[in-house]
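Student: Sequence plus predicted model, see below.
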Amino acid sequence: KQEVTQIPAALSVPEGENLVLNCSFTDSAIYNLQWFRQDPGKGLTSLLLIQSSQREQTSGRLNASLDKSSGRSTLYIAASQPGDSATYLCAVETSGSRLTFGEGTQLTVNP
Amino acid sequence: DGGITQSPKYLFRKEGQNVTLSCEQNLNHDAMYWYRQDPGQGLRLIYYSQIVNDFQKGDIAEGYSVSREKKESFPLTVTSAQKNPTAFYLCASTIGTVNTEAFFGQGTRLTVV
């Protein structure tokens, strides 16, 4: 059974700092890995999707990498801002279009 | 604007009642999903549907039922058989049935009173 783990569970940083969020998964037979953002009481917003054949994807200040063989992905946020404060979730797609989610990293960026 | 609409935003259920959560999408997506989110846990898949008039159980389907009579709609009924229904429910859709980006609604918070 696929299991997804996110470390750390919570992170607090000063504004302007570069930071890395980690995601690991146990079964490397995935179609893709997706990173989402969730604000309190809200739904999920898709940030980046990395296909299993890709190594990384970039969008603005966000860069996500994927090492499928080792079961790891990182989300790099450059020059963090208070507006980046949210919970970040990673999810892997396995067979049958099923997403398995990690428990998330709660990020706080302090002004 | 295209998107996924969940209603209501907040829902209160008395013990023993069935309640239905609405999910509508105008993205022309084939597949739709229902997830449950509890504090301290990741999202868990309840049911999903890859085509009209067909759906499959996810990891925690007991106590829930769904229908997919129209491509745009995928309502979830929380039955009285669900012993711990208080949670945040999220509906999602994907354009295809494999290897596509998932889009989510804003969620429905269900509370048992």
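Tutor: Good, I have the coordinates. Residues are numbered from 1 along each chain as shown, chains lettered A, B, ... in the order given.
Student: Spell out, range by range, the strands that occur in chain A.
Tutor: For chain A, strands defined by DSSP state E occupy the ranges A:4-7, A:10-14, A:19-25, A:32-38, A:44-51, A:56-59, A:62-67, A:72-77, A:86-94, A:98-101, A:105-110.
Student: Please tabulate these in a markdown table, including the columns distance to B:Lys14, mean neighbour count and mean pLDDT.
Tutor: Glycine gets a C-beta too; all of them are placed from N, C-alpha and C. Formatted as a markdown table, these follow (distance: least, Cβ to Cβ, whole Å; neighbours: other Cβ atoms under 10 Å in any protein chain shown; pLDDT from 0 to 100):
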| stretch | distance to B:Lys14 | mean neighbour count | mean pLDDT |
| --- | --- | --- | --- |
| strand A:4-7 | 35 | 18 | 96 |
| strand A:10-14 | 35 | 13 | 97 |
| strand A:19-25 | 39 | 19 | 97 |
| strand A:32-38 | 29 | 23 | 96 |
| strand A:44-51 | 29 | 19 | 95 |
| strand A:56-59 | 45 | 14 | 96 |
| strand A:62-67 | 44 | 19 | 97 |
| strand A:72-77 | 42 | 20 | 98 |
| strand A:86-94 | 31 | 24 | 95 |
| strand A:98-101 | 30 | 22 | 91 |
| strand A:105-110 | 33 | 17 | 97 |
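Student: Any chance of a markdown table for those strands, columns distance to chain B?
Tutor: Listed next are the strands of chain A as a markdown table, based on distance: least, Cβ to the nearest Cβ, whole Å:
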| stretch | distance to chain B |
| --- | --- |
| strand A:4-7 | 7 |
| strand A:10-14 | 12 |
| strand A:19-25 | 11 |
| strand A:32-38 | 6 |
| strand A:44-51 | 4 |
| strand A:56-59 | 11 |
| strand A:62-67 | 13 |
| strand A:72-77 | 15 |
| strand A:86-94 | 7 |
| strand A:98-101 | 4 |
| strand A:105-110 | 11 |
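Student: a markdown table please, covering those and showing distance to B:Val78.
Tutor: Shown next, in a markdown table, are the strands of chain A (distance: least, Cβ to Cβ, whole Å):
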| stretch | distance to B:Val78 |
| --- | --- |
| strand A:4-7 | 26 |
| strand A:10-14 | 30 |
| strand A:19-25 | 30 |
| strand A:32-38 | 22 |
| strand A:44-51 | 20 |
| strand A:56-59 | 36 |
| strand A:62-67 | 34 |
| strand A:72-77 | 33 |
| strand A:86-94 | 23 |
| strand A:98-101 | 20 |
| strand A:105-110 | 27 |
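Student: just so I know, which of those lies nearest B:Thr5?
Tutor: Minimum separation from B:Thr5 across the strands of chain A (Cβ to Cβ) falls at strand A:44-51, 14.9 Å.
Student: Export only the CA atoms of the closest one, formatted as PDB.
Tutor: Presented in PDB, the C-alpha positions along strand A:44-51 are these (Å, rounded to 0.1, in the frame of the first residue of the first chain):
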ATOM      1  CA  LEU A  44      -6.800  22.600  -2.300                       C
ATOM      2  CA  THR A  45      -5.000  24.700  -5.000                       C
ATOM      3  CA  SER A  46      -2.800  22.800  -7.400                       C
ATOM      4  CA  LEU A  47       0.800  24.300  -7.500                       C
ATOM      5  CA  LEU A  48       2.900  21.900  -9.600                       C
ATOM      6  CA  LEU A  49       2.500  18.500 -11.200                       C
ATOM      7  CA  ILE A  50       5.600  16.400 -12.000                       C
ATOM      8  CA  GLN A  51       5.100  13.500 -14.400                       C
END
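Student: Mind listing the strands that strand pairs with, and their directions?
Tutor: Strand pairing for strand A:44-51, using DSSP bridges, gives strand A:32-38 (antiparallel).
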